[in-house]
Structures are given as structure tokens and as C-alpha cells.
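Visitor: What would the 3D arrangement of this be:
(chains A, B and C)
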Amino acid sequence: MRIASALCAGLLVLWTGARSLEGQTTNTVNASAVLGVQLRVRGLSDLDFGTVVAGTNKTVNIQAPPADATPGQFSIDGEKNATVLLAFNFPAVLLSASGKTLAIGSWTGCQSTSNSVASCTPFVFGTPLNLRPNNGKLWVWLGATVSAPITQAAGSYSGTVQMTVLYTGL
Amino acid sequence: MLLATLATLMVPAHAHAQGGRKLDIQPQHDLLFGTVIAGVPARTPPVDGARAGQFALTGPNRSTVELVFSLPATMVSASGATMPLTFGASDAGVSATGAITDQVSFDPRLPYTTSLSKTGRLTVFLGGMVTPSASQRAGGYTATVTLTVAVTSL
Amino acid sequence: MKFVATPSRSVAFFRALARRLSPALFGALSLLAVSAAAARAQGVLVAPPGVFIDHRARSGSVELYNPGTQTVEVSISTIFGYPVTDSTGQVTLFTSDHPDSTQPSAAGWLQAYPRRLTLRPRERQTVRILGRPPQTLADGEYWSRLVITAKGATLPVTASADSAGISIGLSMEVRTVVAVLYRKGRLNTGVALSDVHTALSRGGDSLYVRTRLERQGNAAFIGVLHVALERPGESGVGARLAQGSLPLAVYYDLSPRVAIPVVQVAPGAYTLRVWVDTDREDVARELILPSKMVRDSATVVIPPRP
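Guide: Numbers count the residues shown, from 1 in each chain, chains lettered A, B, ... in the order given. Got it, this is the predicted structure:
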């Protein structure tokens, strides 16, 4: 019986080895993902002129807007310490469906590495802006002036502001 | 009792001789998630021909095999950062024809028993999902998926 | 960005004003309800900021994701461009719609699929970039920029119910521009560093460091410019009193400026170390062509502050 047990145990070991060689096999594939640095641009608040009376100009001053108006605000998230170039195309006039125009201009910009309009720094459009080194964030505010003559016709006016975010580190 | 045990133990060698083919797995394609976005989960389904992981199995014709995956829970970057990697109940599939569109789905988290084709072939596909956090560190992340196959019919 | 009239406010103001004004005068005035729920910028998240395409595969991809709550229309185009520095050392982008034949432009034969798409809120889309270069394309690196334009799909302009009301709709397009580098054959790169010079800011709180970087080899150099101010006679991290860095890509040459804060640095002579390496966090290591680190140093004197 002892011999039989020993033989059985020995064969079990032999079987295990044989199974790994003949009846079982293993292999691998790799799983991979690349988390790329990303650029994210968001609009945080609207450029709101409030109410404008014909025959007047109304300016949304970024740091001191009229009581019923707010500057536009954007945030940009990117790679820390990266250089991002912001470029803007602004309309000079807004158009109504019937082709009438409403003047808009005197665009102003202000930027900060914190979400605080009080501490923002005015910038000249076209000047490269550096994202903050520690987390790569930038906040941008926009203001403008609409000029409505007394003869301004009622209606809906529209236009497009184009903001381009260029990642210049590559 | 001893004779019965001996008979069982002889099976693998017998299978090799009779099937004419040794059991083999060859990795065909890595499981790819491509570029992922922080805070946005990314899933690669097992039917994605460009990204699904893929193994080619060969062995004894029509033999029954058990597939057991060893699935990592995280992917790791060169700097040691980790990204969660999960697998769902339908993230694996097998195809006797090898066609990715001809899969029978199964849960890769559990052992799965199936059969090789009449020519002794089977293709195994694997998908999965990564869940990068919103503050996930940029870089390349990798992990290793292991598939163990055992013949159970012989 | 979109401006939409806010009827409640504009009408209330309109009526208040009407009570104060005579009908004749009132008729002469047009009241502009330029309330402006300015449309949210319809930005999409774009990753990665650089797409590298190998000639053997001839394809790459970018991921687009709409993190917002409004559907976004996206269009994708290519343009030739590469970073340059302006007279102040700021990095900007040179672009050209019609590069001449001597420029290694891939803009004309790279195509995005799809070129137009709609992204619903929280939706993600892979855009394939396929290269269809001329058969005679020589070995080398070819450059382009991918312009991803995102615009709100629906920007309703709400007309005021009042006949005298005016509403303004001003839509905002956000364009994100990322690099595409198409590589064929054996490539090598490097950078030569020269002409290190410095200047103090007007208030003396920052030291501006400029240097000239000239690309070597036949492919863009992708790396990081580092500057550090160290105690004289010492070196290493422990000796650094101030430092800064700038990720950059040198396609031909750059003369970038890096500002480092020196407001805490006492007047005296220091060693300025400048070096360029390829240690980029935003680009996968295997995509960066190997290159030797280059370095230079200079003596800088911080003068007594007034």
C-alpha cells in the first residue's frame, strides 16, 4: 500500500508536469492606453450687455461692468507650463436678418491664472498667454462695446466671435 | 483505484498523439485603448477589429478547452501612476472561424469552457474599459493580460 | 457665444421708461433690449495636442469629447504651420494657407475622417487622420496643423415680444489647433544652443533668459528648455535659487524667452545654467526622437534693487 501510494504521488507529479506541457498552455497580450494631454476650452459665463437704449453706447468693462451686464468668461485647461496662443476674430458689426447692422467693437481681454476677475491682467489680442505651471489653467474674460444709434431698428442681430487656441509646444 | 488513476494520468500524452497537434496559444493583437481622455471612461469592445485583444488557439481537433483569464485591475505608467482597468460580462468572445463578427460572447472574469473547431482552431477576443480619473497623469499606460487554456475533454 | 434677449428685464425696463417719456419722444427712441445671454463657447476637448503618423501606417487619430451640455458641431481642416518666436521671445505660430514647394507641408495630403460631425453632450468621437502623400515622397518629416472648429449646433435668437425690442445673437466659435507630424524613413534630430543672454524685468523681480535654439538633423526637435540660477561655485538641485522651463518644439529655429522669479534672490553674481532635454510629459516617450542633452552656462549679476 505504501508503495502504491508513493507510485501514485509520483505519477501525480508527472501528470501535473505533463498537463502543463501538453494539456494546458498560457500566453499574454498587452493592454495599453495613452492618456494624452488635452486642451479643454469652456465658456463659463456669457457676455451680457443687459439693456441698451438706442442712441447710446454701452460698454461691458471687464472689471467694472454695468450693474445689469457681465463680461464673457472662458477657461482653458491644458498641459502645465505649456504655452498657448489665443487668437480672436471679432465682428465689427452684427447683422439682422434683413441686413441691418448694429456696431460692436472696442473688444477688451483680461486673463488670469486664477478664477478671479479682480486679479486679471489686461492683454493685447495676439499676445501669447502662458498657462499656469502648476495645473495648466487659464481664465479669460472678454468685454466689448455696442453702439446703437437713435435710429437703430428693432430686430434680432447676430454675429460670430472666433477664438482660436493654439498649442505652440508642439 | 490505482489503475483508474493511472489511466487518467496518461490522458494528456494520449491527446497529443491522437489529436496530432499540441495545444498552443499565440497572441495576435494587443488590447488597445488608444488615446484616452482624463475623466472620460474609454471602452474597447471585443468586436473592435482594430483594438480588441486577440489570441489564436490551436490544439486537438474538437477538443473541449477551458479558458481562464488573469485580468489586471490597473494599468501602470512608466512613472508608476495607475489607471483602473475593468472587464464586463460581455467583454470576451470566441470564434471557431476566426472571424471577429462571428463571436460567441462570454465573461472573461470567469472560467469559460468551449470547443476547438474541427480543425483544432479557436480565436479568443478580449475587450475592456479604462477609467482615467479627472486628474489622471498624462503618459502611456500598460498592463499584461494572461490567458491560460487547458484541454478538459481528454 | 450667444446673446439672447431677456424679455422680462427688457420689457420691464421698456415699460418703466415709457412711463417717464412722452409718447412722441418714446416713439423717437428705439429701445434696445441687448440683453445677452451670450452663448457658451462651444469648446470640445481635444487630445492629444500632437498627432504623430508613421508613413508605414499612414494614419493617426485624435479624440474629441464634448464635456458641455449643448450639442456641438465640429469641423476639421488642415493648415501648414509651425512654432516660431517673435521679437520678444514669445512663442507663436507661423501658418500658411499656401506653403511653397520647399516647405515640408503635409497639409495638402492629410485628410480627417470625418471632417464634419456632431457631438452631443458627453459624447466622444475618434477622428482618423489619413495620409495620402505623393508616391515620390522623400524620407523626412512633414508638418501640418489640425484645426478643430467647434460651434453650437443650435443658437436660438429669442426676439423680444415687444415690437421695439431688439435681440442680439452673437455666436462663439472655438478653434483648437494641434500639431500633426508625418514621419517617413530614417529621422534624426537635435538642437544647438547658443547666444544665452539675460535681462532683468523693469521692477527687477524677474530675470528674462533668452537663447537661440537651432534644430539639427531632418526632423523637428521636441523637448524642454530649462533655466536655473545657482549659487556660484555650486551646482545641482540644492544650489538652485530660481528656475523655470518651457516645453517647445524647434522646427527650424527659436529664440524663446523664459522668465524666472528673482525677487527673493540677493544682489550678487550667480551662475545661470541653461539646458535642453527631451523630457516631455505630454508626448509619449516612444514618439520623441532621441537626442543628446545640450547645455550652456553664463554668469549673471543681480544688481542691488533701488
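
Visitor: which phi and psi does C:Arg285 have?
Guide: Comment: the main-chain dihedrals of C:Arg285 come out as phi -60, psi -40, following degrees, to the nearest 10.

Visitor: and what of C:Gln70?
Guide: phi -120, psi 150.

Visitor: For B:Ala92, see how far away it is.
Guide: 37 Å (C-beta to C-beta, to the nearest Å). Heads up, the C-betas are built off the backbone N, CA and C, glycines and all.

Visitor: what about these two, which has more around it?
Guide: Regarding C:Gln70 and B:Ala92, a neighbour count based on other C-beta atoms under 10 Å in any protein chain shown identifies B:Ala92 as having more, with 28 against 17.

Visitor: Contacts only, for the closest residue to that one other than its chain neighbours.
Guide: For B:Ala92, the nearest residue in space outside its immediate sequence neighbours is B:Pro108; the separation is 3.7 Å by C-beta to C-beta, 6 or more residues apart in numbering or on different chains. The neighbours of B:Pro108, taking C-beta atoms under 8 Å, 6 or more residues apart in numbering or on different chains as the test, are B:69, B:71, B:87, B:91-92, B:126.

Visitor: who wins for neighbours among these?
Guide: Highest neighbour count within those: B:Ala92, with 28 neighbours (other C-beta under 10 Å).

Visitor: Across the sheet, point out what pairs with that residue.
Guide: According to DSSP bridges, the partner residues bridging B:Ala92 are B:Phe106, B:Leu126.

Visitor: Name all residues that make contact with it.
Guide: For B:Ala92, the contacting residues are B:46, B:67, B:69, B:105-108, B:112, B:124-127, by C-beta under 8 Å, 6+ apart.

Visitor: What distance do you get for it to chain A?
Guide: Going from B:Ala92 to chain A by C-beta to the nearest C-beta, to the nearest Å gives 12 Å.

Visitor: Next: B:Ala99.
Guide: As it turns out, when the distance is counted by C-beta to the nearest C-beta, B:Ala99 lies 19 Å from chain A.

Visitor: Surely that residue forms part of a helix?
Guide: No: with DSSP: H, G, I helix; E, B strand; the rest coil as the criterion, B:Ala99 is assigned coil and is not in a helix.

Visitor: who touches it in this structure?
Guide: With contacts defined as C-beta under 8 Å, 6+ apart, B:Ala99 is in contact with no residue.

Visitor: Disregarding residues adjacent in the polypeptide, which is nearest to residue 115?
Guide: I went with chain A, as the question did not name one. Once flanking residues are discounted, A:Asn115 sits nearest to A:Trp139: 5.2 Å by C-beta to C-beta, 6+ apart.

Visitor: The chain in question should be chain C.
Guide: C:Ile76 (5.2 Å).

Visitor: for the particular helix or strand that has that neighbour in it, which positions count as buried?
Guide: For C:Ile76, the host element (DSSP states H and E) is strand C:72-85. By 16 or more other C-beta atoms under 10 Å in any protein chain shown, the buried positions in strand C:72-85 come out as C:72-76, C:78-85.

Visitor: would CSV of the residues you listed with distance to A:Thr59 be doable?
Guide: Listed next are the buried residues of strand C:72-85 as CSV, based on distance: C-beta to C-beta, whole Å:
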residue, distance to A:Thr59
C:Val72, 30
C:Glu73, 31
C:Val74, 33
C:Ser75, 33
C:Ile76, 36
C:Thr78, 39
C:Ile79, 34
C:Phe80, 39
C:Gly81, 35
C:Tyr82, 38
C:Pro83, 35
C:Val84, 35
C:Thr85, 35
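
Visitor: one step back: I'd guessed the residue nearest to C:Arg115 sits against C:Leu146; true?
Guide: Yes: using C-beta atoms under 8 Å, C:Ile76 is in contact with C:Leu146, at 6.4 Å.

Visitor: Now for C:Phe80: which residues touch it?
Guide: With contact taken as C-beta under 8 Å, 6+ apart, C:Phe80 is in contact with C:95-97, C:99, C:103, C:105-107, C:143-145.

Visitor: Now do it, the pLDDT please.
Guide: Looking at C:Phe80, its pLDDT reads 96.

Visitor: Which residues of the stretch 151-300 of chain C lie near chain B?
Guide: Residues of the stretch 151-300 of chain C that fall close to chain B, judged by C-beta under 8 Å from any C-beta of the partner chain: C:281-282, C:284-286.

Visitor: Next up, the contacts around the residue most central in space within chain A.
Guide: To find the centre residue of chain A, average its C-alpha atoms and take the closest one (C-alpha atoms, centre = their mean): that gives A:Val41, at 1.5 Å. Shown in contact with A:Val41 (C-beta under 8 Å, 6+ apart): A:74-76, A:163, A:165, C:41, C:43-44, C:174, C:176.

Visitor: Disregarding flanking residues, what is the spatial nearest neighbour of it?
Guide: Setting aside the residues directly before and after it, A:Val41 is nearest to C:Gly43 in space (C-beta to C-beta, 6+ apart), at 3.3 Å.

Visitor: Could you report the separation of the one you found from C:Pro121?
Guide: In this structure, C:Gly43 lies at 13 Å from C:Pro121, with C-beta to C-beta as the measure.

Visitor: These two: which has the busier surroundings?
Guide: Legend: neighbour count by other C-beta under 10 Å for C:Gly43 and C:Pro121, higher for C:Gly43 (28 against 11).

Visitor: so which helix or strand takes in that one?
Guide: Counting by DSSP H and E, no helix or strand carries C:Gly43.

Visitor: List the contacts of it.
Guide: Applying C-beta under 8 Å, 6+ apart, one finds that C:Gly43 lies in contact with A:40-43, A:74, C:68, C:72, C:150, C:174, C:176.

Visitor: Need the max-distance pair from the residues you listed.
Guide: Using C-beta to C-beta, those span at most 14.9 Å, a distance reached by A:Phe74 and C:Val72.

Visitor: picking up where we left off before, report pLDDT for the residue nearest to A:Val41.
Guide: The predicted local confidence for C:Gly43 is 70.

Visitor: Equivalent analysis for B:Ala56, please.
Guide: The per-residue pLDDT of B:Ala56 was computed as 94.

Visitor: Who is it paired with across the strands?
Guide: Counting by DSSP bridges, B:Ala56 forms beta bridges with B:Gln26, B:Thr123.

Visitor: Could you measure from B:Gly59 over to B:Ala50?
Guide: 27 Å.

Visitor: Looking at strand pairing, list the partners for the nearest residue to C:Pro114 once chain neighbours are set aside.
Guide: For C:Pro114, ignoring the flanking residues on the chain, the nearest one in space by C-beta to C-beta, 6+ apart is C:Val127 at 6.8 Å. Per DSSP bridges, the residues bridged to C:Val127 are C:Val62.

Visitor: What about C:Val127, how many residues nearby?
Guide: Using other C-beta under 10 Å as the criterion, C:Val127 is surrounded by 20 other residues.

Visitor: try C:Ala192
Guide: Neighbouring residues of C:Ala192 were enumerated by other C-beta under 10 Å; the total is 14.

Visitor: swap in B:Gly53?
Guide: Neighbour tally, B:Gly53, other C-beta under 10 Å: 28.

Visitor: Surely it is in contact with A:Ala31?
Guide: Yes: taking contact to mean C-beta under 8 Å, the distance of 6.8 Å between B:Gly53 and A:Ala31 places them in contact.

Visitor: and the residue nearest to C:Pro114, what pLDDT?
Guide: Residue-level confidence at C:Val127 comes out at 94, pLDDT.

Visitor: Can you list the buried residues in stretch B:31-41?
Guide: Taking 16+ other C-beta under 10 Å as the basis for neighbour counts, the residues of stretch B:31-41 that come out buried are B:31-33, B:35-40.

Visitor: likewise stretch C:295-306?
Guide: In stretch C:295-306, residues buried by neighbour count (16+ other C-beta under 10 Å) are C:300, C:302.

Visitor: mind listing the helices for the chain?
Guide: The chain I'm using is chain A. Per DSSP state H, chain A carries helices over the ranges A:2-18.

Visitor: actually it's chain C I care about, not the one you picked
Guide: Using DSSP H, the helices of chain C run over C:7-20, C:23-28.
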